[in-house]
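In: only geometry, no sequence info:
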């Protein structure tokens, strides 16, 4: 199983905002992670609609976390941002053309694995990912400069 770049970028945005502790901008985040501004626009829009972040337009606008990092569960973020958890064809009954589906136990095994994967992610918050913020800040130039001021 592989998470999409969309989910990866979503988690990166949330990590950045948790470390920033103030409003950030899409161009700022795009530059720090060296990722497409256009992709981030879509990600940030979705994160805002899903209630993970607060967006504010205008001259003093920007984005920030809506909740403290310890309240943002990784499992929730992944469930909301991932478009599909169809690990194999038989997960989608409408499009299942596998001839062994009626007798195959793989669907149940993979379903259990997916459920356990999500259950594990539910155990962790954004704060758990960050751990010591200073270690992360050392990797992100804009945050390191902010700390020195």
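Out: Yep, that arrived. Please read these numbers as outputs of a predicted model, since none were measured by experiment.
In: how about residue 84, secondary structure?
Out: Under DSSP: H, G, I helix; E, B strand; the rest coil, residue 84 falls in the coil class.
In: May I have the phi/psi pair for it?
Out: Dihedral angles of residue 84 (phi, psi; degrees, to the nearest 10) stand at phi -170, psi 140.
In: and it, how many residues sit next to it?
Out: Counted with other C-beta atoms under 10 Å, residues neighbouring residue 84 total 8. C-beta coordinates here come from the backbone N, C-alpha and C atoms, glycine included.
In: The one 5 residues further on too?
Out: Burial of residue 89 is recorded as 13 neighbouring residues (other C-beta under 10 Å).
In: For it, report the pLDDT, please.
Out: Reading off the confidence values, residue 89 has pLDDT 80.
In: Also residue 71?
Out: In this prediction residue 71 is given a pLDDT of 97.
In: cool, residue 147 as well?
Out: 42.
In: when you give positions from now on, start the count at 56
Out: Let's use 56 as the start, then, which means that last one is residue 202.
In: Look at residue 155 and give its secondary structure.
Out: Assigned with three-state DSSP, residue 155 falls in the coil class.
In: in a strand, that's where residue 119 is, yeah?
Out: Yes - under the criterion used here (three-state DSSP), residue 119 sits inside a strand.
In: from what I can see it touches residue 109, true?
Out: Yes - here residue 119 lies in contact with residue 109, judged by C-beta atoms under 8 Å, at a distance of 5.5 Å.
In: Which stretches in this structure count as helices?
Out: Assigned helices in the chain, in chain order: 60-75, 81-88, 92-104, 129-136, 161-177, 181-185, 188-192, 196-203 (criterion: DSSP state H).
In: from those helices, which stretch is densest packed?
Out: When you average the neighbours per residue for each of the helices of the chain (mean count of other C-beta atoms under 10 Å), helix 60-75 leads with a mean of 20.
In: what angle separates that one from helix 81-88?
Out: Computed with axes from the mean of the first three to the mean of the last three C-alpha atoms, to 10 degrees, the direction of helix 60-75 lies at 100 degrees from that of helix 81-88.
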